[in-house]
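A.B. asks: Let me see the structure of the following:
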Amino acid sequence: MCGRFALTATPEELIELFGLLEAEDFPARFNIAPTQPIIVIVASDRAEPGSNLPERKALLVRWGFTPGWVKDPRKFPLLINARAETAIGKAAFRAAMRHRRILVPASGFYEWRRPPKGSREPSQAYWVRPKKGGIVAFAGLMETWSSPDGSEVDTAAILTTDANRTVRPIHDRMPVVIQPEDFARWLDCRTQEPRDVTGLMVPAAEDYFEAIPVSDKVNKVANTGPELLDEVEPVAPAARKGSAGDRDDDGQMSLF
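C.D. replies: Next up, the predicted model:
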C-alpha cells in the first residue's frame, strides 16, 4: 500500500532526473495525504521523435483516482492505489493503463505495522526511503474527470505490488518503483501496450529501500514538519498469526 508519502526534492532535482524543461517552485512536503494535490510526470504531447522538445512535463493532480464514467465522485470510493496485478483488467483502471501511465516522484513513503487483532500493542509507523537517498519514481495512473458543468479534475492513483523483503515485515504491499532507465518505456503509451510493461510492475530490489521507525505524528494530516522523518525506538512486534487488518477487496479503499 501507499497511503502517505513525502517529496522533499527541489524543482531542479526533478528537472534533472525526469528531463523536464521546467518545474514550478514548490515547498518540501513531509506528509502528503489522499485527496491532496501531488506532482506527477507525464509524457509530453508536444514532443515528436527527433525533436528538441522535452519528452516529459510535470503536472499537479488530485491524489484519488476518479474514472471518467463516474457520475458523482462523492458516491465513489477513494481510489488512491491500484493493484498492479489486476489493473489491466479492472474497469476503473483499464483505459488509464493503456493511455495515461504516469510517474509519481517521492522521497519515500510511510507504512504502518499493525498489531494482531485484540492486541493492545500500538501500531508502528515507518519511513521507507531509498538507501542511497534521492528521488524514487512510483508507477501511477491518471484520469481526467469531467463534471456536468464542464469543469475538469485531473486525478491519479499509485500502483502497488507485493512487498519485497524489506517492507514485508511491515506490510504485504508496496508501491511499484520505476527505474530511470525504464521511464521512457513506462510513459510511452503510443507504442507500449499494457502487456508490454507488466515486467516493470514488480517489487523493488531487496536492497533498494530501508525502513526507519518514526513517531505516530504522521498519523495526523495536520502534522507536516520535517520532524516526521526523525527516527524513534520502535515498538516491539508481538507474535503474529497473520497480517492484521488485511482486506480481500483489492485494498482500494484503505488509506494505509
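A.B. asks: next structured bit after whichever strand or helix holds residue 112?
C.D. replies: Using DSSP states H and E, residue 112 sits in strand 108-113. Per DSSP H and E, the first helix or strand lying C-terminal to strand 108-113 is strand 124-130.
A.B. asks: can you list contacts of that following strand?
C.D. replies: Around strand 124-130, the neighbours that count as contacts under C-beta atoms under 8 Å, 6 or more residues apart in numbering are 6, 107-113, 136, 166-167, 170, 174, 208-216, 218-219, 228-229, 234-235, 237. Backbone N, C-alpha and C define where each C-beta goes, glycine included.
A.B. asks: Next up, phi/psi of residue 184, please.
C.D. replies: For residue 184, the backbone dihedrals are phi -60, psi -40 (criterion: degrees, to the nearest 10).
A.B. asks: Tell me, how many residues neighbour it?
C.D. replies: Counted by other C-beta atoms under 10 Å, the residues lying close to residue 184 total 13.
A.B. asks: cool, residue 146 as well?
C.D. replies: 11.
A.B. asks: Could you export stretch 214-232 as CSV, keeping only the C-alpha atoms?
C.D. replies: Only the C-alpha atoms of stretch 214-232 are listed here, as CSV (Å, rounded to 0.1, in the frame of the first residue of the first chain):
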residue,chain,number,x,y,z
VAL,A,214,9.1,7.1,13.1
SER,A,215,6.6,8.5,15.6
ASP,A,216,2.8,8.4,15.2
LYS,A,217,2.8,12.2,14.4
VAL,A,218,2.5,11.2,10.8
ASN,A,219,-1.0,9.8,11.5
LYS,A,220,-2.4,13.3,11.6
VAL,A,221,-2.5,15.2,8.3
ALA,A,222,-2.1,18.5,10.2
ASN,A,223,1.5,17.5,11.1
THR,A,224,3.7,18.5,8.1
GLY,A,225,7.1,19.3,9.5
PRO,A,226,10.5,17.6,8.9
GLU,A,227,10.4,16.1,12.4
LEU,A,228,8.1,13.4,11.0
LEU,A,229,11.2,11.7,9.5
ASP,A,230,13.0,11.6,12.8
GLU,A,231,13.9,8.0,13.9
VAL,A,232,12.4,6.7,17.1
